[in-house]
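Undergrad: The sequence and its predicted three-dimensional model are supplied below.
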Amino acid sequence: MCQSKCDHSVLYQRTDTGMILLVVYVDDIVIIGSNMSRISSLKSFLNSHFQTKDLGPLKYFLGIEVLRSKKGILLTRRKYVLNLLKETRKLGATPNSFPMIYNPLLDADGSIPFKNLVDAAKSKPFENPKRYRRLIGKLNYLIVTRPDITYPVSVPSQFMVLPTIRQWEALEHVLYYLKGSPGCEILYKNHNHTDIESFCNVDHGGSKATRKSTTGYYVFVGGNLISWRSKK
């Protein structure tokens, strides 16, 4: 007996001999499974109906580099990060060891009185909002494999319409952090269990302007991280 389900670009088939996962993005296909004979049969079937090319073991997909080692499978986007640093002219910048500096005025949106002239100056509108939004988009795309920058990017993402100089500096700080860790990767390996674990936290009214809270969670399956989010 087997089951099959198609959900947008993902199709999986489960049989007594294991599961096969087929991921499709435009004209790129990734086939994952533990039964090589069934994978070969699936590739032959696809090739008989469509013009396909077998590129062998997965090495690169949607900007994500897949590396294999004795520890397991590593997902990294070092090349993407280096290209981003080059595009933003941050390759020669001094790296930071942490992705964000806490500042209650960062998400204040002008509703908190300024204590000094420096705070007032940094709360002025950023001169190039289009550049700001473009960088936000590139960093959000990077979050797919970099959970460590999820929150530092989510805060400036709330001010896409009229960003300030302070919020732009927060994005630059993320770039300085990436400069110090361009090849940071996610490791997937066999932990000899399939337990589902989740961890969450909340700052309880952390926004000084709106008094809203920010929540965050991580979900692990079999000891491997599969989902994460930070939301105000």
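TA: Thanks, I have the structure now.

Undergrad: close enough to count as contact, S227 and F199?
TA: No: the pair S227 / F199 is not scored as a contact, 11.2 Å apart, by C-beta atoms under 8 Å. Heads up, the C-betas are built off the backbone N, CA and C, glycines and all.

Undergrad: any common contacting residues for those two?
TA: 217-218 (C-beta atoms under 8 Å, 6 or more residues apart in numbering).

Undergrad: Report the buried residues of the longest helix along the chain.
TA: Longest helix in the chain, counting residues (DSSP state H): helix 165-180. In terms of neighbour count (16 or more other C-beta atoms under 10 Å), helix 165-180 has its buried residues at 166-168, 170-171, 173-179.

Undergrad: swap in stretch 93-108?
TA: 96, 99-100, 103, 105-108.

Undergrad: can you confirm I149 is in a helix?
TA: Yes: assessed with DSSP: H, G, I helix; E, B strand; the rest coil, I149 lies in a helix.

Undergrad: P182 is in contact with L85, isn't it?
TA: Yes: P182 lies in contact with L85 (C-beta under 8 Å); the separation is 7.3 Å.

Undergrad: What residue spans form the domains of the chain?
TA: What automatic domain parsing lists as the domains of the chain is 3-56, 78-180, 191-231.

Undergrad: tell me the mean pLDDT over the second one?
TA: Read it as domain 78-180. Across domain 78-180, pLDDT averages out at 87.

Undergrad: try the first one
TA: Regarding domain 3-56, the rounded mean pLDDT is 77.

Undergrad: repeat for the last one
TA: In this model, domain 191-231 has a mean pLDDT of 90.

Undergrad: Figure out how far it is from the centre of its chain.
TA: Domain 191-231 sits 14 Å away from the centroid of its parent chain (C-alpha atoms, centre = their mean, to the nearest Å).
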